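# Need coordinates for the below:
(chains A, B and C)
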Amino acid sequence: MKTGWWKWVLFLVLGIIFPFIGKEGYLTHLAIAMLIFSILSSSLNLLMGYTGLVSIAHGAFFGIGAYTSGILMMRAGFPFLAALVVATAFTGLIALAIGIPSFRTKGIYYVIVTIAFQLIVSEIFDGWYAMTGGGLGLRGIPKPGQISLPLLGALSFKSKVGYYYLAFVFTLLIHWGIARLIKSPVGISLMAIRDNETKALMMGLNPLFYKIFVFVLASGLAGLAGGLYVHYLEFAHPDLFSFFVSVDIFLMVMLGGAGTFFGPPFGVFVLEMIREFLHEFVALRLFIYGVLLVVIIIFLPEGLLKPLTILVKRIVPTRE
Amino acid sequence: MSGKKKFMLMLVFFTAWAGSFLLIPSGDALAQKALKIGELAGLTGGIAPYGTQIHNARLFAIEEINKKGGITVGGAKYQLEMVFLDAGPPAEAIKVFERLLTVEKVKLILDGAYSSVEYALGPVLKAKEALIIWSGGNDPATTVGIPNAFRNHFDGGAPFMKANELFLKKMGAKKISTYGQSGHADFKRFVEEYLPKIPGFEVLSKDWFPFGEKDYFPILTKIKGLKPDAVITHGFFTDGVTMVKQAREVGLLPGILWLNQFAAAPLMMDEASRKVWEGTYEILSSSLAPTTEAPARSKKFLEAYNKKFGEKGGFGGWTEAGYDSVYILARALEKAGTVDDIPKIINALHSLTTTEIPELLQDYKPGKLFDKDGQAYPKIVCSQWKDGKQIPVFTDYGL
Amino acid sequence: MVQILVNGLVNGAILALIAISLTIIFSILRVPHFGLGGIFVWGAFVAYFAVTLWKFNFLLAMLVSAASMAVLGVLIEKAAFKRLRTATEDAMFVSAVGVLIALENGALLLWGDKTRSIPVPQLDFVFSIPGVLRLPAMRVVIFVVAGLAIIGLHFYVKKTRMGKAMRAVAQGRVAARLLGIPIDRVASYTFALGSAMAAVAGALVGAAFTFTFDMGSLNIVKAFVVVVLGGLGSVAGAIIGGFLLGVVDSFTLTYITSEYKHLVSFSLLILVLVLRPSGLFGQKLGRPQ
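Down below sits the predicted model:
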């Protein structure tokens, strides 16, 4: 990838040195959350931006993976990585089950199906007290243990910095995978389906297969993010995976720029910065947030990353 | 919009955004001897009516203390300063907690929000050099296993359930229906595990409503058909008002014992809503202040509170707990002789007896204030609504 | 049994009102106007103050509410959606969410979080057929008003010039523009109409039940579901969908479960959509140009 290589480098460099700035503090905590939400927004973008399927159920899959991984490790004694893998696979399976019938619907009808699914799952999280702890939440989800690496010695993930690197590695790998997918024939097919499904059909593609594939993949990744999240928090709760969280993830994709690669992670960053900025206005906070959303989107309906890139290019001219 | 305009707008936006970082407080205390106390305030969302009264009460107590010259700890005088951030739901709360600790550099924290927040913060808190006193949230045993967490709000587990049981028995109720807000695990435990096991009670039905429900007719109609002696409800009182109103419309009220666990109090709502509760009982409270039999000191506090905060103050059954939490902390600091040494302060908290803190407004079980798990036992108050006011009919420590 | 059915129909009426507001704005302008949830809330507040502060009777209060919210609706269209007419539906959705949050929290800031209800003493009685039905008078009013609003809308859309213009725009914006139809004016009227209906729904809820600043988000999601269930662009579908969902909810709550209410009703919804992917009465969706 020639164009935009500087973004990768920037991310890598920033990512590695970051903990030296943040240490065990608040900033590192924020960074871990942002990394995990980048996985969420990028996977939703795969669905929304590249395949044209808007889903407001990402929060539900986030939660399914989270609770599964947490419960497996807490009650069934699974080791960390095994719990994550099983949780991801299980989430993907559920996505398959809901995905197959739902693709008969299109457009806004499809969005409603995802909303309905989200609300159902949220209700189950709240109600299935024996399994999920209901409104009390699940307390005591263990963090992963130590991993001994030949050169770096024992890396403990119990510390914030340790967990940060764990999240960083996962985020990096997943994004690398998504990048390769987009450039591959599969990615091109997805975009073809997004642009004109009938035409894609006539070109010999099977849209249904691709849609199901990307839906399962994106939802599975959301589940993976869920596992990472709860093992960090050592806690799970239905509010963390609600309809509003799904809307948040959708906003992250939109604010960064749907259909672009770096847009969604940037959107995570933007939304988080807005939130931090608004913390100062205790009571007015949410009102300003609503107004900001409107203002940002009417002037920059394609997200903030593209204009920012143009800005950067004007200041630092690069060869195209 | 032209490219140039877009560019200018972007420039402005990013400058403003970058500049906002200057607004994130640096956490350095001002030169004066001010002691920062952090608060996870529940000021928005469903919890707002409950969190706000606790928050206001704390501000009131701090102002009172500062007016008298502050606190004296280890020979030095301190003015108290509250640093609060809106905590809301669990994920936000964890973030706010981290922020209070690292950005604001606060070690002493008060909280008055969702019980699930208490649960969420437990493991995080354990590993930190800080301590928390909760003044809200009903979930059982939130401080158990967390040595640096204390609660001066009553425990919604065994003590509260016992108080409910005793009251119901006293009123002669045998057949019971319940209607609670879904997701409230404390009530779920009460209804599914505790209540059915009590000899003499028959649980006829257990139903749930989601937060924000507008229509209670279907379930209320169903309950009416079952003819129970008593109905127990639980949730946020904003929904409770609607529910009780509809219970009358359906014809379920008056006529049965209607026991609310909404923590509703007259000053938390408008006049029309107060009439709605007529004849029903409220038990999710440990304070006599909003009732007709408020002790003299509570009355004074209520008047002063209303003067300061006016209509929006929303004085309720949890306000005094907020007030008490500040004085409890202040006394513990003075006793420990340090504002930094957390283990010492924890010991001081454990050693506090109710007589050592004459400013306490709630009625706590006499002797040591906190049990070995950091839980205090204020007397649970059950009152009946009459004419828009609350008349206490039953109180118990629930032990 | 009758009681349960009637309960459901009353709720359905409210849902139908909001759903109709949504569907006309969505089918004519393709704006998924979640912000209507905020208008719903403000409609209740305005009616409340009209009754308590200015001592209007409830009917007048409703009209005041409808009129003021119509104006607000037009302003919102100009401020939050006009520029996005050529943008994607998703971008409009972001704006709509922003409007909803701003309106709800604006209400919180202005009027606080107390639960209130609009006093209508003239209608404080209850219709009662002993053993069969108990219905507070206010709920009957909901039916009546909803019915009148629907009939009024029907005549407006079928008979007036603006109504015809609206239908033209719904069928194809480009063609409508070529015919000289002023899109800006159509947009204003559409938003005014939709907002007025949502406001009336809010006033009715505020009087028959209770209202708070945050009741918008929950109801607007349900209304959206109803719109889709009934089929986009079909007012009849929105009405029937509303009543259907209301009745299904009522029966589910009583006979099946109150804890997993959504599980049942939304599973049924998904089933319906899978079997009839364009909703009960919807037209097939093409990608709008």
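# is chain B contacted by the helix or strand encompassing residue A:224?
Using DSSP states H and E, the element containing residue A:224 is helix A:207-233. Yes: Helix A:207-233 reaches chain B (CB under 8 Å from any CB of the partner chain) through residue A:233. All C-beta spots, glycine's among them, are computed from the backbone N, C-alpha and C.
# packing partners for that helix?
In terms of contacts (3 or more CB pairs under 8 Å, 6 or more residues apart in numbering or on different chains; DSSP states H and E), helix A:207-233 is packed against helix A:26-48, helix A:58-75, helix A:80-102, helix A:160-183, helix A:185-195, helix A:197-202.
# please redo it, this time with the cut-off set to 6 Å
When contacts are defined as 3 or more CB pairs under 6 Å, 6 or more residues apart in numbering or on different chains; DSSP states H and E, helix A:207-233 sits against helix A:26-48, helix A:58-75, helix A:80-102, helix A:185-195, helix A:197-202.
# Select, out of those helices, the one closest to residue B:40.
helix A:26-48 (14.4 Å; CB to CB).
# how much space between residue A:29 and residue A:271?
The gap separating residue A:29 from residue A:271 is 16 Å, by CB to CB, to the nearest Å.
# next one: residue B:143
Taking CB to CB as the measure, residue B:143 falls 34 Å from residue A:271.
# And for residue C:202?
Taking CB to CB, one finds residue C:202 at 30 Å from residue A:271.
# With neighbour numbers in mind, choose between these two.
residue C:202 (35 against 22; other CB atoms under 10 Å in any protein chain shown).
# in which helix or strand would I find residue 142?
I'll assume chain A. Assigned by DSSP H and E, residue A:142 falls within no helix or strand.
# wait, I meant chain B there
Per DSSP H and E, there is no helix or strand for residue B:142.
# what's the neighbour count on it?
Look at residue B:142: counted by other CB under 10 Å, it has 30 neighbours.
# and residue 252, what pLDDT?
This is for chain A. For residue A:252, the pLDDT comes out at 91.
# Please refer instead to chain B.
89.
# now residue B:313
81.
# Equivalent analysis for residue B:321, please.
Residue B:321 is given a pLDDT of 92.
# likewise the one 10 residues further on?
Per-residue confidence for residue B:331 comes out at a pLDDT of 92.
# That one - how many residues pack around it?
Neighbour count of residue B:331, defined by other CB under 10 Å: 20.
# can you check residue A:307 too?
Going by other CB under 10 Å, the residues that sit close to residue A:307 add up to 20.
# what about it, is that helix, strand or coil?
Secondary structure state of residue A:307, per DSSP: H, G, I helix; E, B strand; the rest coil, is helix.
# what about the helices and strands packed on helix A:207-233, which gets the closest to chain B?
For chain B, the closest of those is helix A:26-48, at 3.9 Å, according to CB to the nearest CB.
# So that closest one, near chain B or not?
Yes: against chain B, helix A:26-48 shows contacts by CB under 6 Å from any CB of the partner chain at A:26, A:29.
# okay, the angle between that helix and helix A:207-233?
In terms of direction (axes from the mean of the first three to the mean of the last three CA atoms, to 10 degrees), helix A:26-48 departs from helix A:207-233 by 170 degrees.
# could I have helix A:26-48 exported to PDB, CA atoms only?
C-alpha atoms of helix A:26-48 as PDB (Å, rounded to 0.1, in the frame of the first residue of the first chain):
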ATOM      1  CA  TYR A  26      -6.100   7.400  33.000                       C
ATOM      2  CA  LEU A  27      -4.600   7.900  29.500                       C
ATOM      3  CA  THR A  28      -3.700   4.300  29.200                       C
ATOM      4  CA  HIS A  29      -7.100   3.300  30.400                       C
ATOM      5  CA  LEU A  30      -8.600   5.400  27.600                       C
ATOM      6  CA  ALA A  31      -6.200   4.000  25.100                       C
ATOM      7  CA  ILE A  32      -7.200   0.500  25.800                       C
ATOM      8  CA  ALA A  33     -10.800   1.300  25.400                       C
ATOM      9  CA  MET A  34     -10.100   3.100  22.200                       C
ATOM     10  CA  LEU A  35      -8.200   0.200  20.700                       C
ATOM     11  CA  ILE A  36     -11.000  -2.200  21.500                       C
ATOM     12  CA  PHE A  37     -13.600   0.200  20.100                       C
ATOM     13  CA  SER A  38     -11.500   0.500  17.000                       C
ATOM     14  CA  ILE A  39     -11.900  -3.200  16.400                       C
ATOM     15  CA  LEU A  40     -15.700  -2.600  16.800                       C
ATOM     16  CA  SER A  41     -15.900   0.300  14.500                       C
ATOM     17  CA  SER A  42     -13.700  -1.200  11.800                       C
ATOM     18  CA  SER A  43     -15.600  -4.400  11.800                       C
ATOM     19  CA  LEU A  44     -18.900  -2.500  11.600                       C
ATOM     20  CA  ASN A  45     -17.300  -0.500   8.800                       C
ATOM     21  CA  LEU A  46     -16.700  -3.700   6.900                       C
ATOM     22  CA  LEU A  47     -20.400  -4.300   7.000                       C
ATOM     23  CA  MET A  48     -21.600  -0.700   6.500                       C
END
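# near chain C at all, it?
No: judged by CB under 6 Å from any CB, helix A:26-48 makes no contact with chain C; its nearest approach is 7.3 Å.
# So which residues make contact with that helix?
Outside helix A:26-48, the residues that touch it by CB atoms under 6 Å, 6 or more residues apart in numbering or on different chains are A:18, A:22, A:53-55, A:58, A:160, A:164, A:167, A:171, A:174, A:178, A:214, A:218, A:221-222, A:225, A:228-229, A:232, A:249, A:252-253, A:258, A:264-265, A:267-268, A:272, B:98-99, B:102-103.
# Quick check: PyMOL command selecting the buried ones in the residues you listed.
To isolate the buried members of the contacts of helix A:26-48 in PyMOL, using 16 or more other CB atoms under 10 Å in any protein chain shown:
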select buried, (chain A and resi 18+22+53+54+55+58+160+164+167+171+174+178+214+218+221+222+225+228+229+232+249+252+253+258+264+265+267+268+272) or (chain B and resi 98+99+102+103)
